[in-house]
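Colleague: Could you look at this predicted model? Sequence included:
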There are 2 protein chains.
Amino acid sequence: MISIKDVARHAGVSVGTVSNVINRPTLVSADIRARVTAAISELGYVRSESARHLRAGRSRIMALLVLDIANPFFVDVARGAERAARGEGLGVMLCNSGQDPAEEAEYLSLFAEQRVRGVLITPADAGGVNIASFRRHKIPYVMVDRVGPSEESCSVSVDDVVGGQLAGQHLLRAGHTQIAYISGPDSLAQCRDRRAGVTAAVAEAGLPAAALTVLEVDQMTVASGRDAGSRLLGLAHRPTGVFCINDLVALGVLQAMFGAGLRVPGDMAIVGYDDIEFAAAAAVPLTSVRQPAFRMGQTAAELLIEETGDGGVEHRHRRVVFQPELVVRASSTARRG
Amino acid sequence: MISIKDVARHAGVSVGTVSNVINRPTLVSADIRARVTAAISELGYVRSESARHLRAGRSRIMALLVLDIANPFFVDVARGAERAARGEGLGVMLCNSGQDPAEEAEYLSLFAEQRVRGVLITPADAGGVNIASFRRHKIPYVMVDRVGPSEESCSVSVDDVVGGQLAGQHLLRAGHTQIAYISGPDSLAQCRDRRAGVTAAVAEAGLPAAALTVLEVDQMTVASGRDAGSRLLGLAHRPTGVFCINDLVALGVLQAMFGAGLRVPGDMAIVGYDDIEFAAAAAVPLTSVRQPAFRMGQTAAELLIEETGDGGVEHRHRRVVFQPELVVRASSTARRG
DNA sequence: TGGGAAGTTTGAATCGTTCCATCGGCCAAC
DNA sequence: GTTGGCCGATGGAACGATTCAAACTTCCCA
């Protein structure tokens, strides 16, 4: 491997000069600069990020750890983060915890060893043990799609209570009197908040608590959506409208309904969450609660950059909360009773 | 930041001993080992990957550069690669070229600076200029979803000619006599090969070359699928069956057909490619050509690991070619003629 | 002509590891 | 009693870049 020494020797100058040519070209006279530049391209020299990082003490990579990379919502978050990072010459390392706290912990220790600049994380670990390790190792982080104590970190999230409420109100106003909420693991704040929202909507509508049935799935995927859909059909008081924790689950429920010969929205109205691109392309286009995924990723990265920036910018942790928005489509638009 | 020196001082031993405790514990007596271990956890020491990498000369990260991270096909590839890498204690850095050769080049130089162990790449650059830079910098790489000269690298691909043929035959056997192929950029080998396949199918069926219309889209996304769908409807001899370069495009075409009030498959049969999970959940479940995405990623990573492995395993570049498989669903099953 | 300023280049120290030669004990064998 | 060997621990030399004080050139002006 070609090192800066080889370049120096080849150009007949010292390593310090080569470094200057690369990093502070104006300090070097034109002819030497040319000689060094020629040597660099002649030898195909590429500087070693490890070495400069070791010397500088800070790396040029930020990590993004999401719950489910197969969910297009997180892909959009990633694109937003990448855009912001790119602008600062930083790289983004995209990783997937798969909602597994153990996996998450493994990635976090990888990040610690890599001395990443900081981490954007959608936490999978309810207890916050993994998050606590950030503090221990003094790794800056930004919570994405979840708020934490603001004295510890920034966060970027969407008001999930409002999101749940929007979905619930929409179903109830359409005349449904028995609805279901298919939630993800209760350990995720998103799931709890959306439940609170839909519960509030039921109460507002003057309906008894029993008007809402809550089912839970482990994985928030199409496959577990199918399962949940079947369970839904087996309920004693079968609901006529269902709100799903995300669009993947909603698509699974949709498939289950088709499989059972039910019509959507005639026999079952469905509302999803995230408004992924595929929601509009579904068998019955999905009503969904939209979250500004790209902007969330972008904002999260910007906050991290501000926090870890070299510029003399003062940083105070902030919570950025976006508002969700209901996108109504065919899967919920047949009026009832 | 706590370094190995701090640990040594705290435990009252030399840095060499600490290093031994971490890397070759059997060489160290039990009591010292205990003392060092205690010091490590007491101080919260995390070893620096940069420093060990600098010393070792090789990193523990492999890069995966895909054409479109929003395409679930590539997400599956990534998961396969990650599985294989994990087994070897390697990390995967997932990046997205977005089919843009300039973006691709930028990532490649990032990888070179990082001294990644190797790169799994789905090339976006037709000319092979970017690929050539691998040779120049002696970076091991594996081509994914594309074959190259096998004396230079391994590759993992699917026989795209067969894939195109399967799709074409399927449409022709269903009685369509005028079909379309919506391709991606001709610079991508996948697009050319599938075209060759479908062209061959048309010839086999004894139809004139004019029976096949080829449209091209820049981006292989749902949005450009919608555009292509509209263009399709404007054709003089409107085809009755269309084969799309991937499922995203196919979903877009499906939306365009709905928008125009056409029935699928009655007025237009549609065949996609990749068999992503959403294909089955579409408005009309999509017929699609399935590729073993997960296994492709896994195999690619394994090949790279073999090539760059420390084990005395002899490595010879290989081409692994998987066979595609047609999955028939409702979007193409109405018989004609 | 001497000396200071300005402009260039150098060489060494440093970052945190790993690896290797070496060293001090200790024990066994001659 | 000397030698040889082994075990455990040590210290220092790398790895490749950056940084900074110091050294060396010019050049100009007094």
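Modeller: Sure, I can see it.

Colleague: residue boundaries of the helices in the stretch 151-300 of chain A?
Modeller: Taking DSSP state H, counting those that start in this stretch as the test, the helices found in the stretch 151-300 of chain A are A:160-173, A:189-204, A:222-233, A:247-259, A:277-280, A:293-308.

Colleague: Mean pLDDT, distance to residue B:258 and mean neighbour count for these - can I get that in JSON lines?
Modeller: Every C-beta, even on glycine, is put in place using the N, C-alpha and C of the backbone. Output for those, formatted as JSON lines (pLDDT from 0 to 100; distance: least, Cβ to Cβ, whole Å; neighbours: other Cβ atoms under 10 Å in any protein chain shown):
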{"stretch": "helix A:160-173", "mean pLDDT": "98", "distance to residue B:258": "23", "mean neighbour count": "23"}
{"stretch": "helix A:189-204", "mean pLDDT": "97", "distance to residue B:258": "30", "mean neighbour count": "20"}
{"stretch": "helix A:222-233", "mean pLDDT": "96", "distance to residue B:258": "21", "mean neighbour count": "20"}
{"stretch": "helix A:247-259", "mean pLDDT": "94", "distance to residue B:258": "16", "mean neighbour count": "26"}
{"stretch": "helix A:277-280", "mean pLDDT": "90", "distance to residue B:258": "10", "mean neighbour count": "22"}
{"stretch": "helix A:293-308", "mean pLDDT": "97", "distance to residue B:258": "25", "mean neighbour count": "23"}
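
Colleague: DNA strand C is nearest to which of those helices?
Modeller: Nearest to DNA strand C, of all the helices of the stretch 151-300 of chain A, is helix A:293-308, at 17.2 Å by Cβ to the nearest atom of the strand.

Colleague: send the alpha carbons of that closest one over as CSV?
Modeller: The C-alpha coordinates for helix A:293-308 follow below in CSV (Å, rounded to 0.1, in the frame of the first residue of the first chain):
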residue,chain,number,x,y,z
ALA,A,293,-39.6,10.7,6.8
PHE,A,294,-37.0,12.4,4.7
ARG,A,295,-37.2,15.6,6.7
MET,A,296,-36.9,13.7,9.9
GLY,A,297,-33.7,12.0,8.7
GLN,A,298,-32.3,15.3,7.4
THR,A,299,-33.1,17.2,10.6
ALA,A,300,-31.7,14.5,12.8
ALA,A,301,-28.4,14.5,10.9
GLU,A,302,-28.3,18.3,11.0
LEU,A,303,-28.7,18.3,14.8
LEU,A,304,-25.9,15.8,15.1
ILE,A,305,-23.7,17.8,12.9
GLU,A,306,-24.4,20.9,14.9
GLU,A,307,-23.7,19.1,18.1
THR,A,308,-20.4,17.6,16.9
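
Colleague: Contacts for that helix, please.
Modeller: For helix A:293-308, the surrounding residues in contact (Cβ atoms under 8 Å, 6 or more residues apart in numbering or on different chains) are A:58, A:62, A:64, A:73-74, A:76-85, A:88, A:90, A:92, A:117-120, A:140-142, A:144-145, A:154, A:156-158, A:274, A:313, A:315, A:317-318, A:320, A:322.

Colleague: pLDDT score for whichever residue of the stretch 51-200 of chain A sits closest to DNA strand D?
Modeller: Proximity of the stretch 51-200 of chain A to DNA strand D (Cβ to the nearest atom of the strand) peaks at residue A:51, 3.5 Å away. pLDDT, residue A:51: 96.

Colleague: same thing with the one 5 residues further on?
Modeller: At residue A:56, the model reports a pLDDT of 92.

Colleague: again with residue A:125
Modeller: 87.

Colleague: Could you do residue A:334 as well?
Modeller: In this model, residue A:334 carries a pLDDT of 62.

Colleague: Give me the distance between residue A:44 and DNA strand D.
Modeller: Residue A:44 sits 12 Å away from DNA strand D, going by Cβ to the nearest atom of the strand, to the nearest Å.
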